[in-house]
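K.L.:
based on what follows, work out the 3D shape:
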Amino acid sequence: MKRLVIYLLGLILVFSSCEKAVDYNIDDGIVKPVVYAFLSDDKATVRLFWSSSYVSDNDEPEINDANIMLYEGDILLGAMAFVSDGVYELTGICPKPNVEYMITIDVPGYDGSIVAKTTMPAKVPADLHVTEDTICPEGEDTVFYRHNLSLVFDDPGGVSNYYSYKVEILMYLDGVEHRKDINIIGKYGLPAVGNQLMFTIVEYNNIMFNDKYIDGSRYEYDVNGLGDYSVNNPDYVYHDTLCTDCDLFDDMFFVVDSACLVPCFRTMNYDYYKFYCDAIGQSQASLNTSEAYYVYSNVENGYGIFAAYCEVSDTICVFRKEAGE
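P.N.:
Below is the predicted model of the structure:
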């Protein structure tokens, strides 16, 4: 036992005295263009800026003098126009499903062209509709409207498909537009197919999923109990007193003149899905992880993503204040 104690003390002395200063040579001057490029039903959009490190003091990373070309296969569709800081667009196009598209980006002073390719997915039709339930609380003479929003689509069988879904409320008060995201997760948690969780990525107002558990079948997703058609009163000052002779709702909120639900269902390609899966995974990764978390990229000679999607959306009027209200 005495020998073991002496051995352990010896190890402690050895390791406690083994200190070595390590110099890290971080070259902050090596930067590359970062590309966020997306191809949709009728246009292509590119956001372009320089990469930077944690110690960078670059306050103007946007790249505003690039030459960007969009190709359908080997056919040039056109040059993308500069529209704002770091943003370029090409409109008036009609991408074809299952066809490969390519962008080339040339930045003055940067060595070589940046190239990225992606394939346009085939659009999956969807039915977006609202059902209305009228609820009149007992003892009240005010009628409240609650709406159920339904998404229904038929997943094509035999191929991998990727989807996203989000909903906004578009409201108008005295001619001013207000937008608000809707929590579409549901108070009972996420739906499942059998015993399998349906969604692979979840935010309260946006879900992304693949067709692993619904391949070739019809799927329906309902968001129930929608009906908050009010906006905050910016002039309201909260008083921590019991108010018995005032309507707190009227003080704290304004009921809007009209409101619309704006659901948006997207069919995306693998590049889109994989990139955002990795990006969200990276943001949620533990700081103590022992492995690097790599985000998917299909951009050559740069960083970022070129992805494609097509969408089905609608604007459904669900509330209109009656005259005199």
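
K.L.:
where along this protein do the helices fall?
P.N.:
2-16, 248-252, 270-284 (DSSP state H).

K.L.:
list the residues that contact the nearest residue to Gly216 once chain neighbours are set aside.
P.N.:
Closest residue to Gly216 apart from its sequence neighbours, by Cβ to Cβ, 6 or more residues apart in numbering: Gly157 at 2.5 Å. C-beta coordinates here come from the backbone N, C-alpha and C atoms, glycine included. Contacts here follow Cβ atoms under 8 Å, 6 or more residues apart in numbering; on that basis Gly157 touches Asp215, Gly216, Ser217.

K.L.:
can you tell me the distance between the two ends of stretch 84-98?
P.N.:
Length of stretch 84-98, first residue to last, Cα to Cα, to the nearest Å: 30 Å.

K.L.:
report the distance from it to the chain centre.
P.N.:
19 Å (Cα atoms, centre = their mean, to the nearest Å).

K.L.:
can you check stretch 96-115 too?
P.N.:
How far stretch 96-115 lies from its chain's middle: 24 Å, per Cα atoms, centre = their mean.

K.L.:
swap in stretch 206-221?
P.N.:
Centroid displacement of stretch 206-221 relative to its chain, using Cα atoms, centre = their mean, is 18 Å.

K.L.:
same question for stretch 168-175.
P.N.:
Distance, centroid of stretch 168-175 to centroid of chain: 22 Å (Cα atoms, centre = their mean).

K.L.:
so what's the residue positioned nearest the centre of the chain closest to, chain neighbours aside?
P.N.:
The centre of the chain sits closest to Asn206, judged by Cα atoms, centre = their mean, with a distance of 6.6 Å. Nearest residue to Asn206, sequence neighbours excluded (Cβ to Cβ, 6+ apart): Lys166, at 4.2 Å.

K.L.:
break this protein down into its domains, please.
P.N.:
Following the assignment in automatic domain parsing, the chain carries domains at 33-119, 126-289+311-320.

K.L.:
who wins for proximity to Tyr303 among the ones you listed?
P.N.:
domain 33-119 (4.7 Å; Cβ to Cβ).

K.L.:
and the end-to-end length of that closest one?
P.N.:
Termini of domain 33-119 sit 22 Å apart (Cα to Cα).

K.L.:
now that domain: average pLDDT?
P.N.:
For domain 33-119, mean pLDDT is 93.

K.L.:
ditto for stretch 223-243
P.N.:
Computed over stretch 223-243, the mean pLDDT rounds to 73.

K.L.:
and for stretch 161-170?
P.N.:
Stretch 161-170 carries an average pLDDT of 94.

K.L.:
list the buried residues in it.
P.N.:
Asn161, Tyr162, Tyr163, Ser164, Tyr165, Lys166, Val167, Glu168, Ile169, Leu170 (16 or more other Cβ atoms under 10 Å).

K.L.:
can you tell me which of the domains of the chain is packed in deepest?
P.N.:
The highest mean neighbour count among these, using mean count of other Cβ atoms under 10 Å, belongs to domain 33-119: a mean of 16.

K.L.:
measure Tyr88 to Pro121 for me?
P.N.:
From Tyr88 over to Pro121 the distance is 22 Å, taken as Cβ to Cβ, to the nearest Å.

K.L.:
gap between the residue lying closest to Cys260 once chain neighbours are set aside and Asn224?
P.N.:
Nearest non-adjacent residue to Cys260, counting by Cβ to Cβ, 6+ apart: Leu170, 4.5 Å away. As for Leu170, its distance to Asn224 is 20 Å (criterion: Cβ to Cβ).
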